[in-house]
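Novice: quick one, structure for this:
(2 chains)
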Amino acid sequence: MGMEKQLAGNTVTKTSWGSNKTIKRIYMNYDLYLLLLPALVYFIIFHYGPMYGLQIAFKDFMPLRGIGESPWVGFKYFERFLNAYQFWAILKNTVFLSLYSLVVGFPIPIILSLLLNQINSRRFQRVVQTITYAPNFISVMVIVGMVLIFLSPRNGIINQLRALFGGEPIFFMAKPEWFRSIYVWSGVWQNAGFSMIVYLAALTSIDPFLHEAAVVDGANKIQRIWYIDIPGILPTISILLILNLGNIMSVGFEKVYLLQNPLNASSSEIIATYVYKMGLQRNQYSYSAAIGLFNSVVNCILLVTVNFISRKMGNSSLW
Amino acid sequence: MNDINQNMEDRIFDIFNYLFFTLILLIVIYPLYWIIIASVSNPSFVNSGNVVFIPKGLNFAGYERLFNYDRIWLGYKNSLIYALSGTAVNLTLILPAGYALSRKDLVGRSFFIILIIITMFFGGGLIPTYMLVKNLGMENTIWAMIIPNAASAFNIIISRTFFQSNIPDELLESARIDNCRNFRFFVSIALPLSVPLIAVITIFSAVGHWNSYFQALIYIRNADLYPLQLILREILILEDVSIALTDPTASRNLEERRIIAEQIKYGVIIIASLPVLILYPFLQKYFVKGVMIGSLKG
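Specialist: Next up, the predicted model:
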């Protein structure tokens, strides 16, 4: 026991692989490994396991022969996807939807938090935060349900307002040209408030002395936002922007799938919903896995590229 | 002079700013408020656009039908079970792993961290994951709702950061002098010092489980195992009006039935969001803290 104590004391400092010391140290901390083990097993089975299963993207998957025994077919399914007549439409829909979300959804929380930060009353600030954060905790299902209710051509509020001004009711959900706006702006309603948190935190860490000095120099609030606040939260902004740009190709499935119907499919069919339909509704496992893989490879390339460019330009980097 | 100008400008700015945020508050609150008043109003007033600021013709028929619709309560029960057990599993995997990875004397630490972080950026995707879960025999069981999401890489990283910056090394040193093993140190010293972290992970896991429908959509076929969100889907999205028929006195008139189905929608939105919204004020102080913990290291 005494030995153990001593060892623990002086091993905190240095690592040298393969030495006797390392082995002793692993042995000493065996219970730390036990703490890590369940999570590690989980990641290996449920995250690395599917990566092994990804080989079916290059195979003709036959359920009876299993993943390992199915015959290799190379890039057959990738080619099929690239040549599918919906390919360009789906790609365009995915990218447009996500760019639209980014262009609208990214700056709004920044602007909101810059303005909220200038509100003098702490109480009012807190009220705004409490209320605007709340929709973030409502389920996608309920959000989409509300969207359908408010946009209903029969009795939705929006169409009733239009009728008040003599407009004809619009069946929004049946119009492909409305789909993206509905998706993006309902997202802003739900998430813009909550996304402020990070920026508000960054704003509180700006040295108050800068603001005092600026006031003495006669700067008004707008000037202080422009010359102090924005530069102060720029690192936060750029990190989040990198992350968002890297995710351009991964529009979430849940909300799009619920908002989707055959009438608006021409603008609402995205990669994620297509993968779901091909794979789980039509059981084309190999084809669907190939599309999924295509998507995540593009994603990784995007993330690495954006991060690389940002680092070259001397800005923040994720790693 | 300059000073007065500056004051004027700032005052105008302030006025607009307050007005702006008042408007924002209205935009956020009104849709939710409207659903509440519509759920207790006479559906024909709602339908004709006469319910705007206050409920009209108080009417609880929608709620009555909902309370008599067993599937809602079955879904409620299922969702509760999934959320509670799912969160418990999340905590028992995430916290210990986060703690172990926070220890600088864990040999192979950076290897394990990279192993976990990779999964945040790359994965097998939907189909291989589905096939795995199916092959493990979890399809159509409660396990499919819990095990495939047992831990989140992001939460492990957050926990690690938290432990690293909140459990001082000296504490570990002195515990060692008292011959305290790592496991006991984690349970009786590190965990009690990490209440905000535990609260945050609990909140986000529980809300996540309660609100998600994707797992159930792909893994659950048996309607008796449906979580609340899938029942909601039938009512809100697929516009299944069978619930309006559960009442034997229900009108045969299609139009009337449709109107009742509308009112049921408002009610079901309230019922489904209630647990989260009731807990919300208590959670609030923790989730702000949680995002802070997360943003410490991007």
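Novice: so which residue of the stretch 101-250 of chain B comes closest to chain A?
Specialist: Nearest to chain A in the stretch 101-250 of chain B, going by CB to the nearest CB, is B:Gly124, at a distance of 2.3 Å. Where you see a C-beta, it was placed from the backbone N, CA and C, and this is true even at glycine.
Novice: which element is the residue nearest to that residue when sequence neighbours are not counted on?
Specialist: Of all residues not flanking B:Gly124 in the chain, A:Pro50 sits nearest, at 2.3 Å (CB to CB, 6 or more residues apart in numbering or on different chains). Applying DSSP states H and E as the criterion places A:Pro50 in helix A:49-53.
Novice: residues in contact with that helix?
Specialist: With contact meaning CB atoms under 8 Å, 6 or more residues apart in numbering or on different chains, helix A:49-53 is reached by A:67, A:289, B:122-125, B:127-129, B:131-132.
Novice: what do you get for stretch A:265-280?
Specialist: So stretch A:265-280 is in contact with A:86, A:89-91, A:93-94, A:97, A:176-177, A:179-180, A:183, A:249-253, A:256-257, A:259-261, A:284-285, A:287-289, A:291-292, A:295, B:125-127, B:130, B:218, going by CB under 8 Å, 6+ apart.
Novice: got a ChimeraX select line for the buried ones in those residues?
Specialist: In ChimeraX, a selection of the buried entries from the contacts of stretch A:265-280 looks like this (16 or more other CB atoms under 10 Å in any protein chain shown):
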select /A:89,90,91,93,94,97,179,180,183,249,250,251,253,256,257,259,260,284,285,287,288,289,291,292,295 /B:125,126,127,130,218
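Novice: among the contacts of stretch A:265-280, name the ones in strands.
Specialist: In strands, judged by DSSP state E, none of the contacts of stretch A:265-280 are found.
Novice: and the closest residue to A:Phe46 other than its chain neighbours, how many neighbours?
Specialist: Nearest residue to A:Phe46, sequence neighbours excluded (CB to CB, 6+ apart): B:Pro148, at 5.6 Å. B:Pro148 has 21 neighbouring residues, counting by other CB atoms under 10 Å in any protein chain shown.
Novice: test my guess that B:Pro148 contacts B:Gln215.
Specialist: Yes: counting by CB atoms under 8 Å, B:Pro148 touches B:Gln215, with 6.9 Å between them.
Novice: looking at it, B:Ala61 is touching B:Gln263, isn't it?
Specialist: Yes: the criterion here is CB under 8 Å, and B:Ala61 meets it with B:Gln263 at 6.6 Å.
Novice: just the helices in the stretch 1-150 of chain A please.
Specialist: A:2-11, A:20-28, A:30-43, A:49-53, A:66-69, A:76-83, A:87-105, A:107-117, A:122-133, A:140-151 (DSSP state H, counting those that start in this stretch).
Novice: quick check, central residue of chain B?
Specialist: B:Val207 (2.1 Å; CA atoms, centre = their mean).
Novice: in chain A, which residue sits closest to chain B?
Specialist: Closest point on chain A to chain B, by CB to the nearest CB, is A:Pro50, at 2.3 Å.
Novice: burial check on that residue, number of neighbours?
Specialist: Using other CB under 10 Å, A:Pro50 is surrounded by 24 other residues.
Novice: distance check, it against A:Gly66.
Specialist: According to CB to CB, to the nearest Å, A:Pro50 and A:Gly66 sit 15 Å apart.
Novice: and for B:Leu32?
Specialist: The value you get for B:Leu32 to A:Gly66, if CB to CB is used, is 50 Å.
Novice: who's more crowded, the two?
Specialist: Just comparing B:Leu32 and A:Gly66: by other CB under 10 Å the higher neighbour count belongs to B:Leu32, 18 against 12.
Novice: give the contact list for the more buried one.
Specialist: Taking CB under 8 Å, 6+ apart, one finds A:134-135 in contact with B:Leu32.
Novice: quick one: mean pLDDT over the helix or strand harbouring it.
Specialist: B:Leu32 is part of helix B:2-39 when elements are defined by DSSP H and E. Helix B:2-39 carries an average pLDDT of 89.
Novice: pull out the buried positions in that helix.
Specialist: B:6, B:10, B:13, B:17, B:21, B:24, B:28, B:31-32, B:34-35, B:37-39.
Novice: nearest spatial neighbour of residue 120, chain-adjacent residues omitted?
Specialist: If you meant another chain, say so; for now it's chain A. B:Asp14 (7.2 Å).
Novice: I was thinking of chain B, sorry if that wasn't clear
Specialist: B:Ala153 (4.7 Å).
Novice: tell me which of the contacts of helix A:49-53 fall in helices.
Specialist: Members of the contacts of helix A:49-53 lying in helices (criterion: DSSP state H): A:67, A:289, B:127-129, B:131-132.
Novice: for those residues, which one is nearest B:Val268?
Specialist: Ranked by distance to B:Val268 (CB to CB), the ones in helices among the contacts of helix A:49-53 are led by B:Thr129 at 30.5 Å.
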